[in-house]
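Q: following is a predicted model, sequence given first.
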Amino acid sequence: MSKDKQKNIPMWAKLGHAKPVTRRDFLATGLIAGSATIFAPAWLKYLMPDVEAATGACAPGGSSLIPVVTLNLSGGGGLQANFVPMDKTGALLKDYGIMGLGSGSTLPLTSEFGGVQFAGLMPDGTTLISQFLAGVRSKAINSIANTAFVGVCVQSQDDTSSNNFAINGLLSQAGLNGSLLPNLGVTSSSINGINQASAFLSPPAPLVVKGTTSFSGALSYSKSSAAGKVLNISQQSSLAKLISSLSGTQTQTLQQLATDQQAQTLINCAGIKNVSVVGNTPLVDPRNDTTVGAALNTIWGTSASTSANAQSLIFSSSVYNVLNGNAGSAALEIGGFDYHDNTRTSGNAADLTAGTAVGQILETAYAMGKPLFLYVTTDGSVTSANSTSYTSPWTSDRGSAGMSYMLYYDPKGRRATTGNQVGWYTAGQVADTTFFTSGSPELSAGAVFANYLQLNGQLGQFSNIVPSPFFNSTNIPSVVKFT
Amino acid sequence: MRNKRQMVTSIVVGVAAFALPSMYNACSQIAGFQLGGTSSVASSQSASTPVVNAISPSAKLGLSVLNYQQVVTSASSLLGVPIDSTTASIYNTNSTLLLETFDVGLINAPMWITVTDIDSQLCQALVTKEMAMTAVNRTYFGSIDFTQPIANITDAEFLQAMSNFAAHAWGRALSANETTALTTAKQEFVSAIPSTTTGSGLVTQNQDLQIFGCTAMMASLESITL
């Protein structure tokens, strides 16, 4: 049986029960519990997180924080064989033999992003060892000059979605919320919308974008439904208001809340907010944007005829909606990075794909004239057969040589950095866990978030947002690389 | 009688059961948050054991949710109407907005809109079904004369129908606040009818008002909460 078919089997069938219909049935199948405890305030914020922080009723959403896109390379890509990690002193390692880069003394290097070292040119003088960088350069034609880059050395588990790399929850807590949409993701199997676990805080539920219809479905009643068909716009708004009104009073009925008024405000706003845009079609499909639509089509290779569920259009739409503030952050994912098949071919192709996507994302920010923080993650890494050659094939997983990337595009110019690497690698070709964030994806994610706050001029908020005793005023400066 | 009781209990499960308790029994799967403790990959890898994250107190929400297959199934049973092709289409089109797991943290506003879509579709089917019945045999709309223009439907008649939903879905009478909200909403609904609507159009608006009320009742918080 295929994986897809397995996924479609309902829970009750997997558990060997008949299809449940009544509450008793659900109890019997274990799909609900036998007693209820309601914690309405705890989940109300998920309905409309931006309202929670707003003053006044139903204040408009949106944020002045820098837009964020996370690109997850699922499977454990060899990020450490593209950006070249250095040792504690900032020097090349003597040996990169099991990292796929051969000897440090013979490794060709090429500089990009203002002096960041990547695996350089092959003897042919044209082919880059780092196909990631090749991909970036192929697309980030205008944006690369204004982009800063930092590599984050961190060990992580191979081939799993349980590494706590995702910073979506931290971003939401910082106030990065969309004006119309929740955070965007590409898989419904995770609260983060990608196959990475949350660092420190769980985010509000994402809108899982499976095509452009996901956006329209999130913003209005379906024109196919009775609500969208038999009710006019005013009546639709009245319906949403009535649901909110009933629910608001019921919140008080269900339990005595210390913050009744706040809860009611939240639920009222959650109910009416999106419906209020019915009939006032917002721009959620970049192809309809008369200002940048054509440019984005060129960047992403899309057109009016592109399938609604094409990855290029999903990525383009997601980045577009994040950059214009409709959504808080976007989490995108590309598969195929568990590429240790005893060749370098598959890995190079995947790295090129990743770099191309990064280039497209950066170039989209350039086209829209918006700053963008781009966070590239993966799960674990790969190892090559020990060799002095920088073309040695990938043979297995090796998460101890893990890595993530931070990139920041600023329309005003490349942001200066105090270094291009958080942590360092050892002579044993692993991320050195004596550095406090390098042994934990979650702490490394905290480091990434600290850099994000720094870029927003809000580093002082770090301790208010990140619930971790491992960060303090002494060590935070050691992970912040953007000025 | 037993069927009626079953109907009453199933209605509690409800059309859009977002929020249900999370104290699953041993036969269930738990979709929990991954919050809290900081994991050390270095140490966990050496032991070849998966990282286990502590669940913070704030993550232990006393709620869980039905996934949407369950929602649609139970709603159909609750209202006694079949899932037609349009409802199925709405479900499939918006499936990415809908729950696949029982994680209350996956609730968001787009989901609520889609639940309302589905509820409205089922409520429309319910209105159609009960229009074909004599008033005395109707479960919900016994007080409504569907042949009358909307202006002839009194607040009391409308509220009686809504009271039936309250009784079935919530197991109680309408509160004063709910009565006020419904009355106000009815007035808004009528005010929003275009002035060009006349004759049979106003009779149709009566039917639409019942769909409107049913949908609101079934998509409200208490209908989706245990």
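A: Looks like it arrived, so ask away.
Q: from here on, just use CA atoms for contacts and neighbour counts.
A: Noted.
Q: quick one, what contacts residue 192?
A: Defaulting to chain A. By Cα atoms under 8 Å, 6 or more residues apart in numbering or on different chains, the residues touching A:Asn192 are A:Ala166, A:Asn168, A:Gly185, A:Ser198, A:Ser202, A:Pro203, A:Ala205, A:Pro206, A:Ala331.
Q: wrong one, I was asking about chain B
A: B:Ala192 neighbours (Cα under 8 Å, 6+ apart): A:Asn232, A:Ser234, A:Gln235.
Q: which other residues reach stretch A:224-235?
A: By Cα under 8 Å, 6+ apart, the residues outside stretch A:224-235 that reach it are A:221-223, A:236, A:278-279, B:86-87, B:90, B:116-118, B:120-121, B:124, B:188-189, B:192, B:208, B:211-212.
Q: mind giving me the ChimeraX select for the residues you listed, buried ones only?
A: Restricted to buried positions by 16 or more other Cα atoms under 10 Å in any protein chain shown, the ChimeraX selection for those reads:
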select /A:221,222,236,278 /B:87,90,116,117,118,120,121,124,188,189,192,208,211,212
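Q: so where's chain B uncertain?
A: Flagging of chain B using pLDDT under 70 yields the residue ranges B:1-74, B:93-109, B:224-226.
Q: one more time with 90, if that's ok
A: Scanning chain B with the threshold set as pLDDT under 90 gives B:1-118, B:168-171, B:218-226.
Q: do the same with the stretch 1-150 of chain A
A: For the stretch 1-150 of chain A, the ranges with pLDDT under 90 are A:1-64.
Q: 80 - rerun?
A: A:1-63 (pLDDT under 80).
Q: can you give me the strands in it?
A: In the stretch 1-150 of chain A, the segments counted as strands under DSSP state E, counting those that start in this stretch are A:68-73, A:95-96, A:102-103, A:109-112, A:116-119, A:147-153.
Q: which secondary structure elements does the following helix or strand past the last one contact?
A: Right, strand A:147-153. Under the assignment DSSP states H and E, the closest C-terminal helix or strand after strand A:147-153 is helix A:168-174. If contacts are counted by 3 or more Cα pairs under 8 Å, 6 or more residues apart in numbering or on different chains; DSSP states H and E, helix A:168-174 sits against helix A:462-465.
Q: show residues contacting the helix it packs on.
A: Taking Cα under 8 Å, 6+ apart as the rule, helix A:462-465 contacts A:Leu170, A:Gln173, A:Ala174, A:Ala450, A:Leu453, A:Phe471, A:Asn472.
Q: nearest residue to the last one in space, please, no chain neighbours.
A: With sequence-adjacent residues excluded and distances taken as Cα to Cα, 6 or more residues apart in numbering or on different chains, A:Asn472 is closest to A:Ser463, at 7.8 Å.
Q: quick one: pLDDT of the one you found?
A: On pLDDT, A:Ser463 comes in at 93.
Q: same check on A:Val284?
A: pLDDT, A:Val284: 79.
Q: give me the three-state assignment for it.
A: Using DSSP: H, G, I helix; E, B strand; the rest coil, the structure places A:Val284 in coil.
Q: just checking, it touches A:Ser317?
A: Yes - counting by Cα atoms under 8 Å, A:Val284 does reach A:Ser317; the two are 6.9 Å apart.
Q: show me where the stretch 301-450 of chain A has helices.
A: Assigned by DSSP state H, counting those that start in this stretch, the stretch 301-450 of chain A shows helices spanning A:311-323, A:345-368, A:441-455.
Q: B:Thr134: how many residues sit nearby?
A: As a burial measure, B:Thr134 scores 11 neighbours (other Cα atoms under 10 Å in any protein chain shown).
Q: for A:Tyr390, same thing?
A: 25.
Q: for chain B, what's the longest helix?
A: In chain B, with assignment by DSSP state H, the single longest helix is helix B:109-131.
Q: can I get the contacts of B:Ala192 in CSV including pLDDT, secondary structure and distance to A:Ile66?
A: As requested, these are exported to CSV (pLDDT from 0 to 100; DSSP: H, G, I helix; E, B strand; the rest coil; distance: Cα to Cα, whole Å):
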residue, pLDDT, secondary structure, distance to A:Ile66
A:Asn232, 90, coil, 38
A:Ser234, 87, helix, 35
A:Gln235, 91, helix, 37
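Q: most neighbours, which of those?
A: Among these, the one with the most neighbours (other Cα under 10 Å) is A:Gln235, at 24 neighbours.
Q: quick check: the residue of the stretch 301-450 of chain A nearest chain B.
A: Proximity of the stretch 301-450 of chain A to chain B (Cα to the nearest Cα) peaks at A:Ser440, 4.7 Å away.
Q: does that residue touch A:Val154 like I think?
A: Yes - the pair A:Ser440 / A:Val154 is scored as a contact, 6.6 Å apart, by Cα under 8 Å.
Q: and the helices in the stretch 101-250 of chain A, which stretches?
A: Taking DSSP H, counting those that start in this stretch, the helices of the stretch 101-250 of chain A run over residues A:131-139, A:168-174, A:212-219, A:226-229, A:233-254.
Q: what does the stretch 51-200 of chain A have sitting close to chain B?
A: Within reach of chain B by Cα under 8 Å from any Cα of the partner chain, the stretch 51-200 of chain A has these residues: A:155-157, A:162, A:164, A:181-182, A:188-189, A:191, A:197-200.
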